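[1] model this:
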Amino acid sequence: MTSGKRSAISADVSGVTVALTVAQGCPARVSMSMCPRWPRPPTENPRPPAVEEPTYLAALQCFQMAGARIVPVASDADGLDPASLREVVAGEKPALLYLVPTFANPTGRTLPAARRAEIAEIAAENSVWLVEDDPYGELRYRGSAVASLASISDRTVYLGSFSKIGAPGMRLGWLRAPAELLRTLVIVKQAADLHTSTVDQAAAASYLAHTDLDAHVARLCVEYGARRDAMVAALPSTVPDGTTWSDPDGGMFVWLRLPGDVDSAVLLKEALKHDVAFVPGAPFFATTPDRATFRMSFTSTTPEEIREGMARLAKVLR
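    All right, here's what the predicted structure looks like:
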């Protein structure tokens, strides 16, 4: 995948000297190399990973598989709260911070530039690695792009994926990291899965050599943007009064919180009876879950199907 139109994946994150490798499987696997992988003697006190709360479910699962004690960092409507990060860094001294700063999974939020700069500053001051998971960053439907953390911090490991911008079945990703860190990451990856499928890499290289990926992403943005608009427009007539939701500028997800003491997992059972589904929010929390939350995805169905699905969901929620 180092040939063809996207040979310089590094061009997407300018100004940082890095090296490149390809990866397959759990996008947070890179983070596991910076965390304790096996039970440690009681006398040891390894530095834990910190994560935005809520965050990507598979990342939490990867950290849990590594036996790591996960430390949450609070967030609000603008994403991760730097003030909360300072408290966590002072009290827990994490080795790394994992986050999806652009069109986050599950919330759809995008971290503003000012907060990114403050987070980069905190990381530099406290020797904290930033793991920037960015599979959705190119899927922007409105507004202007925000500079990546990797472009302003040399303590960043940057993750990307073809599964969101190429094809869902193209389970092939990459990471960019400072050269001094990359060798360790490659060794850990080899220990985890030996190597990334050569066939998959060859297929991706052929795809890139014969496809205008930028034009493909532009088409996705037009189509996904219409689907996002359909879902957001239908929300006021779908959810009860007092519900809050994110209004993403891109990505794939809308994040909602219902009023009162409700459990979205219970509501899902009722929704399924109407042949409509969503993802309950509890699994996206590292510690105490907010069970009134849930995630909806708008990319896999047409605007017409979304409107029908929202009408069905209204029968359950209202």
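
[2] alpha carbons only for contacts and neighbour counts from here, please
    Fine.

[3] helix or strand right after the lowest-mean-pLDDT helix or strand in the chain?
    Ranked by mean pLDDT, DSSP states H and E, the helix or strand of the chain with the weakest confidence is helix 29-32, at a mean of 48. Going down the chain from helix 29-32, the next helix or strand is strand 49-52, by DSSP states H and E.

[4] so what secondary structure elements neighbour that next one?
    With contacts taken as 3 or more C-alpha pairs under 8 Å, 6 or more residues apart in numbering; DSSP states H and E, strand 49-52 sits against strand 71-73, strand 96-99.

[5] need the single longest helix in this structure, by residues.
    helix 213-234 (DSSP state H).

[6] for the record, mean pLDDT for the helix or strand that it is followed by?
    Moving toward the C-terminus from helix 213-234, the next helix or strand (DSSP H and E) is strand 244-245. Average pLDDT, strand 244-245: 98.

[7] other residues contacting strand 244-245?
    The contact list for strand 244-245 (C-alpha atoms under 8 Å, 6 or more residues apart in numbering) reads 254, 255, 256, 257, 258.

[8] quick one: low-confidence ranges for the chain?
    1-45 (pLDDT under 70).

[9] count of neighbours near residue 187?
    12 (other C-alpha atoms under 10 Å).

[10] any idea how far it lies from residue 195?
    Going from residue 187 to residue 195 by C-alpha to C-alpha, to the nearest Å gives 10 Å.

[11] repeat that for residue 168.
    Residue 168 sits 21 Å away from residue 195, going by C-alpha to C-alpha.

[12] what of residue 106?
    For residue 106, the distance to residue 195 (C-alpha to C-alpha) stands at 29 Å.

[13] who has more neighbours out of these two?
    Neighbour count, other C-alpha under 10 Å: between residue 106 and residue 195, residue 106 has more, with 25 against 13.

[14] that one touches residue 254, doesn't it?
    Yes - here residue 106 lies in contact with residue 254, judged by C-alpha atoms under 8 Å, at a distance of 7.4 Å.

[15] mutual contacts of the two, please.
    residue 295.

[16] I figured residue 98 hits residue 54, correct?
    No - the criterion here is C-alpha under 8 Å, and residue 98 misses it with residue 54 at 11.3 Å.

[17] neighbour count winner among these two?
    Between residue 98 and residue 54, counted using other C-alpha under 10 Å, residue 54 has the larger neighbour count: 29 against 23.

[18] so which helix or strand takes in the more buried one?
    Going by DSSP H and E, residue 54 is not in any helix or strand.

[19] might you report the residue contacts of it?
    The neighbourhood of residue 54, defined by C-alpha under 8 Å, 6+ apart, consists of 75, 106, 107, 284, 285, 286.

[20] for the residues you listed, work out which two are farthest apart.
    Greatest spatial distance among the contacts of residue 54 (C-alpha to C-alpha): 107 and 286, at 14.6 Å.

[21] more neighbours, the two?
    The residue with more neighbours, out of residue 107 and residue 286, is residue 107; 31 against 23, by other C-alpha under 10 Å.

[22] not counting sequence-adjacent ones, nearest residue to the more buried one?
    residue 255 (4.7 Å; C-alpha to C-alpha, 6 or more residues apart in numbering).

[23] pull out the buried positions in whatever helix or strand residue 310 lives in.
    In the assignment (DSSP H and E), residue 310 maps to helix 303-317. By 16 or more other C-alpha atoms under 10 Å, the buried positions in helix 303-317 come out as 303, 306, 307, 309, 310, 311, 312, 313, 314, 316.

[24] convert it to PDB, retaining C-alpha atoms only.
    Coordinates of the C-alpha atoms in helix 303-317 are reproduced here as PDB (Å, rounded to 0.1, in the frame of the first residue of the first chain):
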ATOM      1  CA  PRO A 303     -33.000   8.800   3.500                       C
ATOM      2  CA  GLU A 304     -36.300   7.100   2.700                       C
ATOM      3  CA  GLU A 305     -35.500   4.100   4.900                       C
ATOM      4  CA  ILE A 306     -34.200   6.400   7.600                       C
ATOM      5  CA  ARG A 307     -37.500   8.300   7.700                       C
ATOM      6  CA  GLU A 308     -39.400   5.100   7.900                       C
ATOM      7  CA  GLY A 309     -37.200   3.700  10.600                       C
ATOM      8  CA  MET A 310     -37.500   6.900  12.600                       C
ATOM      9  CA  ALA A 311     -41.300   6.700  12.400                       C
ATOM     10  CA  ARG A 312     -41.100   3.200  13.700                       C
ATOM     11  CA  LEU A 313     -38.800   4.200  16.500                       C
ATOM     12  CA  ALA A 314     -41.100   7.000  17.500                       C
ATOM     13  CA  LYS A 315     -43.700   4.400  18.500                       C
ATOM     14  CA  VAL A 316     -41.300   3.000  21.000                       C
ATOM     15  CA  LEU A 317     -39.800   6.200  22.400                       C
END
